[in-house]
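Engineer: Quick check, what structure comes out for this input:
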Amino acid sequence: EVRLVESGGGLVQPGGSLRLSCVASGLASGLPLNNFVMSWVRQTPGKGLEWVSSINRNGRLVNYADSVKGRFTFSRDNDKNTLYLQMNGLKPEDTAVYYCHGIPSWGGDYWGQGTQVTVSS
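Structural biologist: Below is the predicted model:
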């Protein structure tokens, strides 16, 4: 069973930085993480789910929501089965639970349990 586990969330002041990680486990032999298109999605009580960023299988194509473009960087290390979301210039409106989401080449999808990011002075 594929499992995604996020970490790195916490409380940070406006303008600060955090780096989120998402580690994939339970990958079958011969079906490594580079079979997955990965995304970060965040959720706030008032706004619901919001797509943040997606990265293609080899990490060469990354797309960002306008709200985070220029501040967030999404990267992946397929050898370590790990994804990273570097978040700089954090704003209070970035406060949310951040989820790692994966879509494998064979269909279906997987979600992590989420990590809370709170931006507040």
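Engineer: surely Leu20 meets Glu6?
Structural biologist: Yes: Leu20 lies in contact with Glu6 (C-beta atoms under 8 Å); the separation is 6.1 Å. The C-beta positions use only the backbone N, C-alpha and C, and glycine is treated the same way.
Engineer: Check the burial of Ser17 by counting its neighbours.
Structural biologist: When neighbours are counted by other C-beta atoms under 10 Å, Ser17 registers 11.
Engineer: In this structure, where is pLDDT below threshold?
Structural biologist: Residue ranges of the chain with pLDDT under 70: 30.
Engineer: Please repeat the previous calculation with a cut-off of 90.
Structural biologist: 1-2, 25-35, 45-48, 78-79, 105-107 (pLDDT under 90).
Engineer: in it, which residue is closest to the centre?
Structural biologist: Trp40 (3.2 Å; C-alpha atoms, centre = their mean).
Engineer: Is it bridged to anything, and to what?
Structural biologist: With DSSP bridges applied, Trp40 shows beta-bridge pairing to Ser53, Cys100.
Engineer: Could I get the contacting residues of it?
Structural biologist: When contacts are counted by C-beta atoms under 8 Å, 6 or more residues apart in numbering, Trp40 touches Leu20, Cys22, Val52, Ser53, Ser54, Phe74, Leu85, Tyr98, Tyr99, Cys100, His101.
Engineer: Give me the common contacts of Leu20 and Glu6.
Structural biologist: With C-beta under 8 Å, 6+ apart, Leu20 and Glu6 have common neighbours Tyr98, Thr115.
Engineer: Distance from stretch 93-111 to the middle of the chain?
Structural biologist: Averaging C-alpha positions (C-alpha atoms, centre = their mean, to the nearest Å) puts stretch 93-111 7 Å from its chain's average.
Engineer: for stretch 12-29, that is, sorry about that
Structural biologist: Distance, centroid of stretch 12-29 to centroid of chain: 6 Å (C-alpha atoms, centre = their mean).
Engineer: Ser75 touches Arg60, doesn't it?
Structural biologist: No: between Ser75 and Arg60 there is no contact under C-beta under 8 Å: 10.7 Å.
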